[in-house]
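Participant: Have a look at this fold, sequence not included:
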């Protein structure tokens, strides 16, 4: 295990989210924004609902994972350095219906995301039980790298200048071009020579067949399966949107090109219709997971979550 000292730990703790990567069945780095907390023993705790169980399934098949703390929104520390962590993870099949050993994780979430307190009370809990049926993923860090703050590492000053190029690319039917164009940066997920995942914040350049990225943006990367994640949230972990562009990373001289193949966009505009679609999909995904394994739908221990959601408990 790679030790993390108190100063670096405080930086990591200030981040509201990180980008967490697992490896898909064909080796594609699948990266999604998530909350991570540090355990007293130096490991990281990440939780995932049954509705999005793919992260858990990926870890059980291949434990190599990576985390990147790069978006300081909500932390109050715009100049915080980015922190890259790679290591191994494990995820038991136990379905947690209450906070259990993750009480501090949930207490922090309720404090940082105050609107989520309504989810554990009526009427919110009537359609949010899927969210509180969770797997616990424990990540053991093996390599830790401190990088320059996002504001210094990625030049976004002329982001708006890409709109014309993005429109042209979108008309050429490049998957994800319109999404990538909306964001000043994205998180590139690739693999190293040992096929372990790597992550870096980059500013993709929309090309005729994909997304150009400077070859120096991700040291140690190898051609092969890769992805680009865009995501956002506001200061109180609301107004979320995320999308992942998956494809093939190819080397072209002094530049990488991600040639996209498909786009996954589980959290869209955030409007009422989109929210309803997301809830419906999540409930159905949870039911499918349980039905396929012959498991009766567990009962969420709402009282435990309500206790942690109280303002005096959440801080």
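Facilitator: The structure has been received and is ready for your questions. Because the structure is a prediction, the values reported are computed rather than measured. Numbers count the residues shown, from 1 in each chain.
Participant: only C-alpha atoms for contact and neighbour calcs from this point on.
Facilitator: Fine.
Participant: can you pull out the strands in the stretch 101-250 of the chain?
Facilitator: Remark: strands assigned in the stretch 101-250 of the chain by DSSP state E, counting those that start in this stretch are 134-147, 186-191, 197-202, 205-206, 211-214, 222-232, 241-252.
Participant: what would those look like in CSV with distance to residue 109 and mean neighbour count?
Facilitator: Formatted as CSV, the strands of the stretch 101-250 of the chain follow (distance: least, Cα to Cα, whole Å; neighbours: other Cα atoms under 10 Å):
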stretch, distance to residue 109, mean neighbour count
strand 134-147, 14, 19
strand 186-191, 23, 25
strand 197-202, 25, 25
strand 205-206, 35, 22
strand 211-214, 34, 21
strand 222-232, 17, 22
strand 241-252, 18, 20
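Participant: To residue 304, which of the ones you listed lies closest?
Facilitator: Ranking these by proximity to residue 304 (Cα to Cα) places strand 134-147 first, at 14.2 Å.
Participant: before we move on, the earlier item: redo the strands of the stretch 101-250 of the chain as CSV? Include distance to residue 29.
Facilitator: Formatted as CSV, the strands of the stretch 101-250 of the chain follow (distance: least, Cα to Cα, whole Å):
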stretch, distance to residue 29
strand 134-147, 16
strand 186-191, 6
strand 197-202, 6
strand 205-206, 20
strand 211-214, 16
strand 222-232, 6
strand 241-252, 8
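Participant: Make CSV out of these and add distance to residue 301 and mean pLDDT.
Facilitator: As requested, these are exported to CSV (distance: least, Cα to Cα, whole Å; pLDDT from 0 to 100):
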stretch, distance to residue 301, mean pLDDT
strand 134-147, 12, 98
strand 186-191, 36, 98
strand 197-202, 36, 98
strand 205-206, 48, 94
strand 211-214, 46, 97
strand 222-232, 30, 97
strand 241-252, 29, 96
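Participant: between these, which one is nearest to residue 283?
Facilitator: Between residue 283 and the strands of the stretch 101-250 of the chain, the tightest spacing by Cα to Cα is seen for strand 134-147, at 13.3 Å.
Participant: other SSEs contacting that closest one?
Facilitator: When contacts are defined as 3 or more Cα pairs under 8 Å, 6 or more residues apart in numbering; DSSP states H and E, strand 134-147 sits against strand 44-49, strand 82-90.
Participant: Any chance of JSON lines for the ones you listed, columns distance to residue 199 and mean pLDDT?
Facilitator: As requested, those are exported to JSON lines (distance: least, Cα to Cα, whole Å; pLDDT from 0 to 100):
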{"stretch": "strand 44-49", "distance to residue 199": "17", "mean pLDDT": "98"}
{"stretch": "strand 82-90", "distance to residue 199": "7", "mean pLDDT": "98"}
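Participant: Can you tell me which of these is packed in deepest?
Facilitator: Scoring the helices and strands packed on strand 134-147 by mean neighbour count under mean count of other Cα atoms under 10 Å gives strand 82-90 as the most buried, with a mean of 21.
Participant: I'd like to know which elements it is packed against.
Facilitator: helix 54-61, strand 64-69, strand 134-147, strand 197-202.
Participant: how about a markdown table for these, with distance to residue 306 added?
Facilitator: Listed next are the helices and strands packed on strand 82-90 as a markdown table, based on distance: least, Cα to Cα, whole Å:
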| stretch | distance to residue 306 |
| --- | --- |
| helix 54-61 | 26 |
| strand 64-69 | 29 |
| strand 134-147 | 16 |
| strand 197-202 | 36 |
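Participant: So which of the ones you listed is nearest residue 10?
Facilitator: Across the helices and strands packed on strand 82-90, residue 10 has its closest neighbour in strand 64-69 (12.1 Å, Cα to Cα).
Participant: quick one, the closest one and strand 197-202 angle?
Facilitator: Orientation of strand 64-69 against strand 197-202 (axes from the mean of the first three to the mean of the last three Cα atoms, to 10 degrees) gives an angle of 20 degrees.
Participant: Any idea how far strand 64-69 is from the middle of the chain?
Facilitator: Mean-position distance between strand 64-69 and its chain equals 9 Å (Cα atoms, centre = their mean, to the nearest Å).
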